[in-house]
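Student: Could you work out the structure for the sequence below:
(chains A and B)
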2 protein chains.
Amino acid sequence: MKLYDGGRAPNPRRVRIFLAEKGVSVPLVPVDIMAKDHKTDAFTRMNPMQRIPVLELDNGAVISESVAICRYFEELFPEPALMGSSPLEKATIEMWNRRVELGIFSAVAASFRHAHPAMRDLEVPQIGEWAQANREKAIEMMRFLDEELAGRDFVAGDSYSIADITLYCAIDFCRLPKIEMPEELHHLKDWYERMAARESAKA
Amino acid sequence: MKLYDGGRAPNPRRVRIFLAEKGVSVPLVPVDIMAKDHKTDAFTRMNPMQRIPVLELDNGAVISESVAICRYFEELFPEPALMGSSPLEKATIEMWNRRVELGIFSAVAASFRHAHPAMRDLEVPQIGEWAQANREKAIEMMRFLDEELAGRDFVAGDSYSIADITLYCAIDFCRLPKIEMPEELHHLKDWYERMAARESAKA
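Tutor: Below is the predicted model:
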């Protein structure tokens, strides 16, 4: 199989960290978004959504959407479980992963895509007011998560999961739209430093 | 267990249809969004995201996020499988469910929330330009899905899945922001009529 990958972009990174935590190695094919490699006819035939990452299996089957790709690897390599084991764990991790996706990951992405000059040709129309609303939403979600992380070590409970990966990539991606974590959010900052210290963070 | 439910709102409906397809019955507790029932202290303690639906288990555990609730029931009652059986099926259904969520479900919701007078106090700030961009995105996704459905009976392949539920609820919800399916999209229209004819559509 091959993983079509996109360097610093946050979605491909989620999958790379997930694979590193699983100890699974997959050949990467670089896709340069700024050069619009994801808009070519060949890429569009593979993923009509024109997004990365994309996993291509040896039988030609294609899986896009980061979490769907993670799900595939979770099923193939159940240990360590990053999406839960019992029904309640699976549901709780999915809940937190989605809360983080909707509350901060997509907010950071929107604040970047709708305001950064480099995205002018890729996000049409860019809506500055929407970028600003999402900056505020991202900060608000950081405050909420800071309170949650006062009481536990990981986003979805007592163990590391895909929800930690999603939040870590979201916070790291804040550098591009220049969203700063408020200094008083010590629990979130401590959690972030623990995540950054994991070997998988280099992926 | 109890399912905090929200009548005509599209997310609670996804879960009700999912349960109907599983043949599972759960007591419903109505939550009136227009009366801001989801903003009360009691509700916020249960789900700090202030969103419905929410599943409360007998042991007090709480699961929010529609797809996380569906995941819980899929794990408890695997048949009929609505989220796939093999690793590739699970990943493919997750991929399509997310494509539909990102491409049309959330677009229809945004075009409603950012333009409808009834949402003025619930979506702050309302951004008209964002509502309009999402109307166009929803129609574009309908055109894409119409082509896909020319070649198969269901969104994610040969069998009914959660991706069909998400798309069905998205298209039904188009009535509120008055987004009309273009007449020439016969495959999508036929698929919609097949979904509407299922017993679960009454849920």
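
Student: Domain parsing of chain A, as residue ranges.
Tutor: Listed domain ranges for chain A are A:2-76, A:87-202 (source: automatic domain parsing).

Student: Which residue is most remote from the mean position of chain A?
Tutor: Computed with C-alpha atoms, centre = their mean, the residue of chain A farthest from its C-alpha average is residue A:59, at 26.7 Å.

Student: so is it in a helix, a strand, or just coil?
Tutor: Of the three states, residue A:59 takes coil under DSSP: H, G, I helix; E, B strand; the rest coil.

Student: One more: residue A:125?
Tutor: With three-state DSSP as the basis, residue A:125 sits in coil.

Student: and it, what pLDDT?
Tutor: Note on residue A:125: pLDDT of 94.

Student: residues near it, how many?
Tutor: When neighbours are defined as other C-beta atoms under 10 Å in any protein chain shown, residue A:125 has 13 of them. Glycine gets a C-beta too; all of them are placed from N, C-alpha and C.

Student: Isn't it up against residue B:134?
Tutor: No. Taking contacts as C-beta atoms under 8 Å, residue A:125 lies outside contact range of residue B:134: 11.3 Å.

Student: circling back: next one: the residue farthest from the centre of chain A relative to residue B:88, how far apart?
Tutor: 9 Å (C-beta to C-beta, to the nearest Å).

Student: same check, this time on residue A:200
Tutor: With C-beta to C-beta as the criterion, residue A:200 and residue B:88 are 25 Å apart.

Student: Output the domains of chain A as a markdown table; include the columns distance to residue B:129.
Tutor: As requested, the domains of chain A are exported to a markdown table (distance: least, C-beta to C-beta, whole Å):
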| stretch | distance to residue B:129 |
| --- | --- |
| domain A:2-76 | 23 |
| domain A:87-202 | 5 |
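
Student: any chance of those in a markdown table, plus distance to chain B?
Tutor: Listed next are the domains of chain A as a markdown table, based on distance: least, C-beta to the nearest C-beta, whole Å:
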| stretch | distance to chain B |
| --- | --- |
| domain A:2-76 | 3 |
| domain A:87-202 | 3 |
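
Student: Kindly check the end-to-end length of stretch A:114-124 for me.
Tutor: In stretch A:114-124, first residue to last residue: 8 Å (C-alpha to C-alpha, to the nearest Å).

Student: If you count neighbours, what's buried in that stretch?
Tutor: By neighbour count with 16 or more other C-beta atoms under 10 Å in any protein chain shown, stretch A:114-124 contains the buried residues A:114-116, A:119, A:123.

Student: For it, what is the distance to the chain centroid?
Tutor: From the chain centre to the centre of stretch A:114-124 is a distance of 20 Å (C-alpha atoms, centre = their mean, to the nearest Å).

Student: what's near enough to touch the residue lying closest to residue A:170 once chain neighbours are set aside?
Tutor: Sequence neighbours aside, residue A:105 is the residue nearest to residue A:170 in space, at 4.0 Å (criterion: C-beta to C-beta, 6 or more residues apart in numbering or on different chains). When contacts are counted by C-beta atoms under 8 Å, 6 or more residues apart in numbering or on different chains, residue A:105 touches A:10, A:166-167, A:169-170, A:173.

Student: Let's see the pLDDT reported for residue A:34.
Tutor: Residue A:34 carries a pLDDT score of 83 in this model.

Student: Make sure it is actually in contact with residue A:118.
Tutor: Yes. Contact criterion C-beta under 8 Å: residue A:34 and residue A:118 qualify, at 6.9 Å.

Student: who touches both of the two?
Tutor: Contacts common to residue A:34 and residue A:118, judged by C-beta under 8 Å, 6+ apart, are absent.

Student: Can you give me the separation between the residue nearest to residue A:170 and residue A:72?
Tutor: Look at residue A:105 and residue A:72: by C-beta to C-beta, they are 20 Å apart.

Student: try residue A:149
Tutor: Distance, residue A:149 to residue A:72, using C-beta to C-beta: 29 Å.

Student: Neighbour count for these two, which is higher?
Tutor: Neighbour totals were compared for residue A:149 and residue A:72, and residue A:72 leads with 24 against 21 (other C-beta under 10 Å).

Student: three-state assignment of the more buried one?
Tutor: helix.

Student: okay, it: pLDDT?
Tutor: Confidence at residue A:72, expressed as pLDDT, is 98.

Student: ok, it touching residue A:61?
Tutor: No. Look at residue A:72 against residue A:61 with C-beta under 8 Å: they stay out of range, at 9.7 Å.

Student: hey, what's in contact with both of these two?
Tutor: residue B:88.

Student: And the pLDDT for residue A:8?
Tutor: The predicted structure scores residue A:8 at 83 on the pLDDT scale.

Student: Over to residue A:146?
Tutor: With respect to pLDDT, residue A:146 scores 98.

Student: Could you report the neighbour count for residue A:91?
Tutor: Considering only other C-beta under 10 Å, residue A:91 is surrounded by 27 other residues.

Student: A helix includes it, no?
Tutor: Yes. Assigned with three-state DSSP, residue A:91 falls within a helix.

Student: Roughly how far does residue A:45 sit from residue B:22?
Tutor: Plainly put, residue A:45 is 36 Å away from residue B:22 if you go by C-beta to C-beta.

Student: Let me fix that, I meant to ask about residue A:151.
Tutor: Here residue A:151 is placed at a distance of 34 Å from residue B:22 (C-beta to C-beta).

Student: Same drill for those two, tell me which one is more crowded.
Tutor: residue B:22 (19 against 7).
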